[in-house]
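Participant: Okay, structure incoming, though there's no sequence with it:
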């Protein structure tokens with residue numbers, strides 16, 4: 001058992017600056033917010049005035065978001081300025097390997113999340129952050145651990161890239177068959193999305209956090225499952241109990257298209273996912289999700305899924321969203337969206353291609369799940 005050290009004793013953590021909306025312009029250094037770290041940035045702001053040197057960040061700096069979405073990142077996009085709710089880590093207290101530190105903090109994020117406070121925006125207070133302990137072996141051991149985890153992380157990243165390339169292949173085939181929806185070169189009919197709905201549009205099932213349990217009789221799809229698809233790890237969905245009425249009302253089936261109702265940023269709003277043909281029984285969709293039951297006589301779900309990722313569709317959805325603390329969209333916002341509607345036979349041709357690509361995706365996803373399992377086990381062994 002290696003000795004431990006508190007995060008507050010490892011480094012100095014510098015909080016970002018509380019830039020005002022009026023500070024955000026179109027020239028100068030980019031102002032980095034949490035959504036710019038998570039990859040969900042939508043409207044990057046810039047600042048060209050004077051600023052304290054301590055909030056400047058450069059390539060290689062370690063950043064930790066301590067509010068809304070806890071995370072640890074290594075910055076690599078050039079000189080920028082740090083917004084509030086993010087720490088810049090200055091390694092000035094002990095001898096510690098930077099990448100080892102990143103892995104250790106990443107493992108401790110779940111523990112820190114359990115200590116967050118706040119109603120609308122969860123955050124961890126500085127004293128709780130500083131008190132979080134990580135293992136602190138000697139430098140040689142830190143480097144060995146980092147080397148092993150880097151290799152495991154490389155495999156995970158490679159599998160994710162393979163999945164992205166397969167998704168790009170599906171998009172390329174979509175454009176080949178149907179054209180860019182904006183240009184609509186084949187002059188397909190343009191209709192409101194309501195024209196392809198075959199049932200009642202609805203929000204999902206609600207259960208209190210304390211109602212979830214390991215032996216529940218239903219599994220529940222949430223926003224995270226919609227954004228990241230539910231096609232893998234279906235057995236890991238959270239469970240709760242529901243009566244027959246709720247199951248009948250909220251159980252998902254092939255032909256259902258689910259949309260995220262809320263997101264921290266506009267870019268995340270209205271992300272959509274179709275339900276696969278081999279969906280398990282007793283899987284419900286939860287209250288932060290909107291369901292559109294598609295009319296399978298008029299549209300193919302796989303066609304709609306890919307169309308929903310195109311700028312033509314996404315920009316319409318984003319334009320109907322509303323932002324206060326969170327970005328949200330209602331059923332009426334989704335139902336204002338227009339789509340191209342090629343003949344069903346043409347959509348079925350695309351479906352056949354998607355099914356072939358999906359066979360490859362299943363194999364890659366299985367390899368990714370195995371790589372993630374190994375990575376998680378290593379993290380547990382080193383930091384648990």
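Facilitator: Structure's in. What do you need? This one's a predicted model, so the numbers in the text were calculated from it and none came from an experiment.
Participant: quick one: low-confidence parts of the stretch 101-250 of the chain?
Facilitator: When residues are selected by pLDDT under 70, those of the stretch 101-250 of the chain lie in 119-121, 228-233.
Participant: Contact partners for residue 57?
Facilitator: Counting by C-beta atoms under 8 Å, 6 or more residues apart in numbering, residue 57 touches 32, 63, 75, 79, 80, 81, 82, 88. (C-beta placed from N, C-alpha, C; glycine too.)
Participant: Which pLDDT value belongs to it?
Facilitator: As predicted, residue 57 sits at a pLDDT of 94.
Participant: related to what we said a few turns ago, taking the contacts of residue 57 together, which two end up most distant?
Facilitator: Largest separation among the contacts of residue 57 by C-beta to C-beta: 63 and 79, giving 13.6 Å.
Participant: For those two, work out which one has more neighbours and name it.
Facilitator: The neighbour count for residue 63 versus residue 79, taken as other C-beta atoms under 10 Å, is higher for residue 63 (23 against 11).
Participant: I figured that one hits residue 76, correct?
Facilitator: No - taking C-beta atoms under 8 Å as the definition, residue 63 is not a contact partner of residue 76, at 10.7 Å.
Participant: where's whichever strand or helix holds residue 191 relative to the chain centroid, distance-wise?
Facilitator: Secondary structure here is read from DSSP states H and E; on that basis residue 191 sits in strand 189-192. When distances are taken as C-alpha atoms, centre = their mean, to the nearest Å, strand 189-192 is centred 30 Å away from the chain's centroid.
Participant: Would you check how far apart residue 320 and residue 328 are?
Facilitator: Here the criterion is C-beta to C-beta, to the nearest Å. By it, residue 320 lies 10 Å from residue 328.
Participant: Residue 200 now?
Facilitator: To residue 328, residue 200 is 21 Å away according to C-beta to C-beta.
Participant: swap in residue 235?
Facilitator: According to C-beta to C-beta, residue 235 and residue 328 sit 30 Å apart.
Participant: So the two - more neighbours on which side?
Facilitator: Applying other C-beta under 10 Å to residue 235 and residue 328 shows that residue 328 carries more neighbours, namely 17 against 7.
Participant: now the more buried one: how far from residue 242?
Facilitator: According to C-beta to C-beta, residue 328 stands 25 Å off from residue 242.
Participant: Identify, from the contacts of residue 57, the entry nearest to residue 256.
Facilitator: Relative to residue 256, the closest of the contacts of residue 57 is residue 32; by C-beta to C-beta it sits at 37.6 Å.
Participant: so what's the nearest residue to residue 296 once chain neighbours are set aside up against?
Facilitator: Leaving aside its chain neighbours, residue 296 sits nearest to residue 255 (5.3 Å; criterion: C-beta to C-beta, 6 or more residues apart in numbering). The neighbourhood of residue 255, defined by C-beta under 8 Å, 6+ apart, consists of 198, 274, 275, 293, 294, 296, 301.
Participant: Just confirm the fifth one contacts residue 304, I think it does.
Facilitator: Which is residue 294. Yes - under the criterion of C-beta under 8 Å, residue 294 is in contact with residue 304, at a separation of 6.3 Å.
Participant: For the stretch 151-300 of the chain, which segments count as strands?
Facilitator: With strands called from DSSP state E, counting those that start in this stretch, the stretch 151-300 of the chain shows them at 189-192, 202-203, 218-221, 239-240, 256-260, 262-263, 272-274, 283-285, 289-293.
Participant: Tell me which of those lies nearest to residue 37.
Facilitator: Nearest to residue 37 among the strands of the stretch 151-300 of the chain is strand 262-263; the distance by C-beta to C-beta comes to 15.3 Å.
Participant: name the helices or strands packed onto the strand holding residue 191?
Facilitator: In this structure, strand 189-192 makes packing contacts with strand 338-341, judged by 3 or more C-beta pairs under 8 Å, 6 or more residues apart in numbering; DSSP states H and E.
Participant: where do the helices sit along the stretch 1-150 of the chain?
Facilitator: Read by DSSP state H, counting those that start in this stretch, the stretch 1-150 of the chain holds these helices, from start to end of the chain: 34-38, 98-113, 126-131, 139-178.
Participant: Now do the last one against helix 98-113, angle only.
Facilitator: Helix 139-178 and helix 98-113 meet at an angle of 80 degrees, taking axes from the mean of the first three to the mean of the last three C-alpha atoms, to 10 degrees as the criterion.
Participant: Show me what counts as buried in helix 139-178.
Facilitator: 142, 145-146, 149, 152-153, 155-156, 159, 162-163, 166, 170, 173-174, 178 (16 or more other C-beta atoms under 10 Å).
Participant: Which stretches in the stretch 1-150 of the chain count as strands?
Facilitator: According to DSSP E, counting those that start in this stretch, the strands that the stretch 1-150 of the chain contains are 4-6, 12-15, 29-32, 45-47, 56-57, 62-65, 71-74, 80-82, 86-90, 133-135.
Participant: Make TSV out of those and add distance to residue 352.
Facilitator: Listed next are the strands of the stretch 1-150 of the chain as TSV, based on distance: least, C-beta to C-beta, whole Å:
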stretch	distance to residue 352
strand 4-6	56
strand 12-15	54
strand 29-32	44
strand 45-47	45
strand 56-57	48
strand 62-65	43
strand 71-74	40
strand 80-82	46
strand 86-90	47
strand 133-135	51
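Participant: between those strands, which one is nearest to residue 23?
Facilitator: Put simply, out of the strands of the stretch 1-150 of the chain the one that sits nearest residue 23 is strand 45-47, at 5.5 Å, with distance taken as C-beta to C-beta.
Participant: What is the closest one packed up against?
Facilitator: Of the remaining helices and strands, those touching strand 45-47 by 3+ C-beta pairs under 8 Å, 6+ apart are strand 29-32.
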